[in-house]
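Undergrad: coordinates for the following, if possible.
(2 chains)
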Amino acid sequence: MLSIKNLQAKIGDKQILNGINLEVKPGEVHAIMGPNGSGKSTLASVLAGREEFEVTGGETTYLGKDLLALSPEDRAREGLFLAFQYPVEIPGVSTINFMKTAVNQIRKYKGQETLDAVSFLGMMKEKMKLVEIDQSLLNRSLNEGFSGGEKKRNEIFQMAMLEPKLSILDETDSGLDIDALRIVANGVNKLKTKNNATIVVTHYQRLLEYIVPDFVHVLYKGKIVKSGGKELALELEAKGYDWIKDEVAVA
Amino acid sequence: MSKDNQLLEELTSKEYEHGWAVDLETDSAPKGLNEDIIRFISARKNEPEWMLEWRLKAYRLWTKMTEPKWPNVTYPEINYQDVIYYSAPKQKATPKNLEDVDPELIKTFEKLGISLTEQKRLTGVAVDAVIDSVSVATTFKEKLGELGIIFCSFSEAVKEHPELVKKYLGSVVPMSDNYFAALNSAVFSDGSFCYIPKGVRCPMELSTYFRINAANTGQFERTLIVADEGSYVSYLEGCTAPMRDENQLHAAVVEIYAMKDAQVKYSTVQNWYPGDKNGKGGIYNFVTKRALCFGDNSKVSWTQVETGSAITWKYPSCILKGDNASGEFYSVAVTNNFQQADTGTKMIHIGKNTKSRIVSKGISAGKSQNSYRGQVHIMKRAEGARNFSQCDSLLMGDQCGAHTFPYIDVENNSAKVEHEATTSKIGEDQIFYCQQRGIDEESAVALIVNGYAKEVLNQLPMEFAVEAQKLLALTLEGSVG
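TA: Numbers count the residues shown, from 1 in each chain, chains lettered A, B, ... in the order given. Below you'll find the model as predicted:
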């Protein structure tokens, strides 16, 4: 589904990604871990199409298409979803209104009929249950005055509404207490199918107890330096990142 | 249906869609302004002697006044002698019903999307269509007549209801009030007159459309609304104008007189030609709008969405004379390219326990300049006055300007006056968030701007709300920076 070959990217003068190689197939869950500054969020942003980052080399194929040639909204319409680490607020625009606009633009792109208000609300009620989110929250302006947990739940709610093929969760667990973490993870797990894939970017192994990865990759200085199964995450939890840094230094 | 869910469907880079002119035979005065022109206008309209005298008095005052220069706008000197002050499409006689109306005129209305027959059938809105200084057809007169409501052209009111006109004309905006009010009082062409009798609630929204057709014609509309005790009326004003190279002056006057327990809601969606991308051409909109909340418990609410005009200069205001009177002002003013706006309101608290509420949302884009100028004046004997003002500015891009000139004058220490102001930019983060959900940039801007202006748009009657949302988007397209 996603094939990244030697991807390099910088922001301003700073080179951050130094040759990422990654293959993601449908039905898989990949975890990306690594110390601060390794380029985890940059990778997520570059895949989503954030303009501040300049791709300086390599290629990325998504569903057979050149991902980097697509505009951010087209990437989204092709089924790529990014759950933001710090979701932004948009005053005056309710989550419901926002989602209806998004859902219908995506449907139009795919040549489908747009949903009227009644059908949309029906779909919404169904998805609300998945993330245990309350309608009152959705009537409010998007993320305005939301707690950290509410913002993250709102991200997963939107993911449920948009039914993406490839979801990238950028440190979705940051700022969440145990219960919120469980609810968010539950939602993500319920949305998993054998046709979609998930990339989970995280520092901590904790989230991976709930969202069990098939593959774990360690990102360091803009490169994936080690890959393994879910045991790798446990190893990192026990030993920290220093041993990886040492391994890389020696090589 | 909630306005919340009325989303923008279309956003194209269309040219100003009302940029066309209809070829009608016009009956125009020669250029320039002097007492003869005034007599010409009055004669053409078959006005009684007292109306002509009133005009002449105003003209003589005007010649002694000087044009004010204090607003935060710049424009080339207006040559008042280089303007045509009267232009009316030729017609056989005043039509009694739609069949008698010049078919070319009806075609114009239909192009504007306000076919009178359509309106009559679908929305129940009575339309008094004004084209080039002459009101043509007035629908629903009979229906309103049954309730005792008078809704007709100003010219007609001068002839049919002179006692009312004489009593209230100039009572809220005297001819000496300001330079442009004096000019308007001298040369006003036509407009609307509305009287709601005691205790009557007008069952439909009253509406007027304006249109400037002939080149170099100034529009000098005069509207007078009188709401008798305990009455209610909601009035809509919407404007369009064709593309022209020469600037056109629009100096209208709107007076609202509200008696005890009366309520008037006045909504405007203004879409005058704003000038081209280089700031050439466009309407000068210098308007005096004022409401006198004369009676106790009276209430007047102004709502405006201003997206057009090269220059907008207007302060719809409320004089809160009666005890417990209340005034409201809701405004979204958009400027793009080289447009300039200096707009706001004045709330004058005179009676006891009066209230006022001001919500102003300015949106600047391109190289435009957008100023809010507001005055809240609590006079000495205004016990228990309360005011809330919120003026927000949204900047799009880095070459536009937003300015705020609030004046707060409190002469009674039992008053509660609150003022909030914010300035913001549309964040790239917000746009990217929308894009990442599959919403393209133009739609994202429209969504965010509508969210920003929501509090004001929610005040508009349903018919206008959709037009207003589309108008906002159309005005701002291509402005994201």
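Undergrad: does residue B:451 touch residue A:101 like I think?
TA: No - taking contacts as C-beta atoms under 8 Å, residue B:451 lies outside contact range of residue A:101: 11.0 Å. All C-beta atoms are positioned from the backbone trio N, CA, C, and that covers glycine.
Undergrad: grab the most central residue of the chain for me.
TA: Going with chain A. With distances taken as C-alpha atoms, centre = their mean, residue A:168 lies nearest the centre of chain A, 1.8 Å away.
Undergrad: actually chain B
TA: Centroid-nearest residue in chain B: residue B:268, 5.0 Å away (criterion: C-alpha atoms, centre = their mean).
Undergrad: hang on, that one is in a strand, isn't it?
TA: Yes - looking at residue B:268 with DSSP: H, G, I helix; E, B strand; the rest coil, it is inside a strand.
Undergrad: measure it to chain A for me?
TA: From residue B:268 across to chain A, the span is 21 Å (C-beta to the nearest C-beta, to the nearest Å).
Undergrad: so who does that residue touch?
TA: Residue B:268 is in contact with B:236-239, B:302-306, counting by C-beta atoms under 8 Å, 6 or more residues apart in numbering or on different chains.
Undergrad: re the thing from before, right, and the helix or strand after the one helix or strand the residue nearest to the centre of chain A maps to?
TA: If you go by DSSP states H and E, residue A:168 is part of strand A:166-170. Toward the C-terminus, strand A:166-170 is succeeded by helix A:178-191 as the next helix or strand (DSSP H and E).
Undergrad: any residues touching the helix or strand just after that following helix, and which ones?
TA: Next along the chain after helix A:178-191, taking DSSP H and E as the criterion, comes strand A:197-201. Applying C-beta under 8 Å, 6+ apart, the external contacts of strand A:197-201 come out as A:1-2, A:24-33, A:40-41, A:43-44, A:165-172, A:188, A:192, A:207-208, A:211, A:213.
Undergrad: and the angle from strand A:197-201 to strand A:166-170?
TA: Note on geometry: by axes from the mean of the first three to the mean of the last three C-alpha atoms, to 10 degrees, strand A:197-201 and strand A:166-170 are set 10 degrees apart in direction.
Undergrad: tell me what angle strand A:197-201 forms with helix A:178-191.
TA: Using the same axes, to 10 degrees: strand A:197-201 against helix A:178-191 is 160 degrees.
Undergrad: what strands line up against strand A:197-201, and which way round?
TA: Applying DSSP bridges to the sheet, strand A:197-201 is found paired with strand A:29-33 (parallel), strand A:166-170 (parallel).
Undergrad: can I get these in CSV including mean pLDDT and distance to residue B:279?
TA: Below are those laid out as CSV (pLDDT from 0 to 100; distance: least, C-beta to C-beta, whole Å):
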stretch, mean pLDDT, distance to residue B:279
strand A:29-33, 94, 51
strand A:166-170, 95, 44
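Undergrad: name the SS class of the one residue in the stretch 51-200 of chain A that gets nearest to chain B, please.
TA: Proximity of the stretch 51-200 of chain A to chain B (C-beta to the nearest C-beta) peaks at residue A:92, 2.7 Å away. Following three-state DSSP, residue A:92 is assigned to strand.
Undergrad: list the contacts of it.
TA: Shown in contact with residue A:92 (C-beta under 8 Å, 6+ apart): A:141, B:448, B:450-455.
Undergrad: so how far is stretch B:438-451 off the chain centroid?
TA: Averaged C-alpha coordinates place stretch B:438-451 at 27 Å from its chain's average position (C-alpha atoms, centre = their mean, to the nearest Å).
Undergrad: so that stretch, near chain A or not?
TA: Yes - legend: contact between stretch B:438-451 and chain A by C-beta under 8 Å from any C-beta of the partner chain is shown at B:438-441, B:443, B:447-448, B:450-451.
Undergrad: could you export that stretch as PDB, CA atoms only?
TA: Output in PDB follows, covering the C-alpha atoms of stretch B:438-451 (Å, rounded to 0.1, in the frame of the first residue of the first chain):
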ATOM      1  CA  GLY B 438      -9.900  16.300   2.200                       C
ATOM      2  CA  ILE B 439     -11.100  20.000   2.100                       C
ATOM      3  CA  ASP B 440      -9.400  22.100  -0.500                       C
ATOM      4  CA  GLU B 441      -7.800  25.400   0.400                       C
ATOM      5  CA  GLU B 442     -10.600  27.700  -1.000                       C
ATOM      6  CA  SER B 443     -13.300  25.800   0.800                       C
ATOM      7  CA  ALA B 444     -11.200  25.800   3.900                       C
ATOM      8  CA  VAL B 445     -10.900  29.500   3.900                       C
ATOM      9  CA  ALA B 446     -14.700  29.900   3.300                       C
ATOM     10  CA  LEU B 447     -15.400  27.500   6.100                       C
ATOM     11  CA  ILE B 448     -13.100  29.300   8.500                       C
ATOM     12  CA  VAL B 449     -14.400  32.800   7.500                       C
ATOM     13  CA  ASN B 450     -18.000  31.700   7.900                       C
ATOM     14  CA  GLY B 451     -17.200  30.300  11.300                       C
END
